[in-house]
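Enquirer: Show me the folded form of this:
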Amino acid sequence: MNTVISPIAGCMRWGKWGANFSTYDYETIINQCVENGITTFDHADIYGDYTTEADFGEAIKNKHALRSTIKLITKCGIQMVCDNRPHHQIKSYNTTKQHIIKSVEQSLKNFHTDYIDVFLIHRPNPLLHPKEVAEAISQLKNQGKVLQFGVSNFLPQQVETLKNYVEIIYNQIELSIVHLKPFTDGTLDNCLQNNIRPMAWSPLGGGILSEDEHPRFRIIFSTAHELAEKYHTGMNQILISFLLKHPTNILPVVGTTKMERLLQVKEASTVMLENEDWFKLWTASTGEDVA
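Expert: Numbers count the residues shown, from 1 in each chain. Modelled structure (predicted):
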């Protein structure tokens, strides 16, 4: 059963890699999110050079009522070279049973909690052994330390291999009006086939969309502006509603430090694009009519 509610607040740039929030800043934005019905927060062990989970954890420490209200997503599998991991010689992937269990145990300490709501393998690893991953997740689930499991950035064939060993509930993928590949490479079809719910990271194109950019972006901008007027909303809401129309019930992961942006994404759920309007955006992005 899927338990995550859209939208998801992406926390990658809340810490050292971006806004460098203080504990007070974390408390403020978390409370604002919860007050506005945004209760799911997306992390990974590597964010902030392995510091953002712990920074977030300080803000929810000993707040048991808050912990029961929010849902925490985190990931492991990427090993970064940084001051906090001096023993790493090169950026690499690690999806061994030992590493997965150790990573989850560390995340639990960082968040001051005894369970992770959703745990994801961050990237497909050429050396991934599905049986080993399944053993780790089974152990963690049996211990109540992980409630749901999923993957991130996995292609359909990689999902198919792993799902034979362990239940996959989510696949977090790059998906936006300027990154349509999952619509055509089988990724979303695979989600439908296996009842996997996609999470879309960078759902607004990573903030790169501007009418002053590439001509392709100007056409998208113009089309979104036209539709925003039609639906009496904003362009960001239109661009998110473009994703929400897909039958997989895509969950946007919005990596922002601004509540205004998070609220825009929440408002997008009230915009019901007509079929032809959806294809206006598709055509604006691809630059050609459908066949």
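Enquirer: Count the residues that sit near residue 150.
Expert: 25 (other Cβ atoms under 10 Å). Heads up, the C-betas are built off the backbone N, CA and C, glycines and all.
Enquirer: To clarify, my last question referred to residue 216.
Expert: Neighbours around residue 216, by other Cβ under 10 Å: 14.
Enquirer: so it touches residue 285, yeah?
Expert: Yes - Residue 216 is within contact range of residue 285, at 7.1 Å (criterion: Cβ atoms under 8 Å).
Enquirer: tell me, what's touching these two both at once?
Expert: Shared contacts of residue 216 and residue 285, defined by Cβ atoms under 8 Å, 6 or more residues apart in numbering, are found at residue 178.
Enquirer: Distance from whichever strand or helix holds residue 282 to the middle of the chain?
Expert: Following DSSP states H and E, one finds residue 282 within helix 275-286. The chain centre lies 24 Å from the centre of helix 275-286; the measure is Cα atoms, centre = their mean, to the nearest Å.
Enquirer: May I have the strand or helix carrying residue 172 as PDB, with CA atoms only?
Expert: According to DSSP H and E, residue 172 maps onto strand 170-174. Output of strand 170-174 as PDB, limited to C-alpha atoms (Å, rounded to 0.1, in the frame of the first residue of the first chain):
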ATOM      1  CA  TYR A 170       8.300   3.400  -5.800                       C
ATOM      2  CA  ASN A 171      10.800   4.500  -8.500                       C
ATOM      3  CA  GLN A 172      12.100   8.000  -8.100                       C
ATOM      4  CA  ILE A 173      13.100   9.300 -11.600                       C
ATOM      5  CA  GLU A 174      14.000  12.500 -13.300                       C
END
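Enquirer: what helices or strands is it leaning on?
Expert: strand 116-121, strand 146-152, helix 187-194, strand 197-201 (3 or more Cβ pairs under 8 Å, 6 or more residues apart in numbering; DSSP states H and E).
Enquirer: just to revisit the earlier point, and the contacts of the helix holding residue 282?
Expert: By Cβ under 8 Å, 6+ apart, helix 275-286 touches 177-178, 180, 216, 219-220, 222-224, 227, 230, 238-239, 242, 245, 273, 289-290.
Enquirer: Would you mind listing which of those residues are buried?
Expert: 177-178, 219-220, 223-224, 227, 238-239, 242, 245, 273 (16 or more other Cβ atoms under 10 Å).
Enquirer: any residues touching stretch 119-139, and which ones?
Expert: Residues contacting stretch 119-139 (Cβ under 8 Å, 6+ apart): 44, 46, 73-78, 93-97, 100-101, 104, 140, 146, 148-155, 158, 161-162, 164-166, 170, 172.
Enquirer: tell me which residues of that stretch are tucked away?
Expert: Going by neighbour count (16+ other Cβ under 10 Å), the buried part of stretch 119-139 is 119-125, 128, 132-138.
Enquirer: Can you flag which of these belong to strands?
Expert: Using DSSP state E to define strands, the subset of the buried residues of stretch 119-139 located there is 119-121.
Enquirer: sec struct for residue 159, please.
Expert: When classified by DSSP: H, G, I helix; E, B strand; the rest coil, residue 159 comes out as helix.
Enquirer: Run a quick neighbour tally on the spatially closest residue to it that is not a sequence neighbour.
Expert: With Cβ to Cβ, 6 or more residues apart in numbering as the criterion, residue 159 has its nearest non-adjacent residue at 5.6 Å, and that residue is residue 190. Residue 190 has 23 neighbouring residues, counting by other Cβ under 10 Å.
Enquirer: wait, isn't residue 190 in contact with residue 161?
Expert: No - with contacts counted by Cβ under 8 Å, residue 190 stays clear of residue 161, the gap being 11.6 Å.
Enquirer: any idea how far residue 28 lies from residue 115?
Expert: 25 Å (Cβ to Cβ, to the nearest Å).
Enquirer: So for the two, which residue has more residues nearby?
Expert: Set side by side, residue 28 and residue 115 show more neighbours around residue 115, with 17 against 14, by other Cβ under 10 Å.
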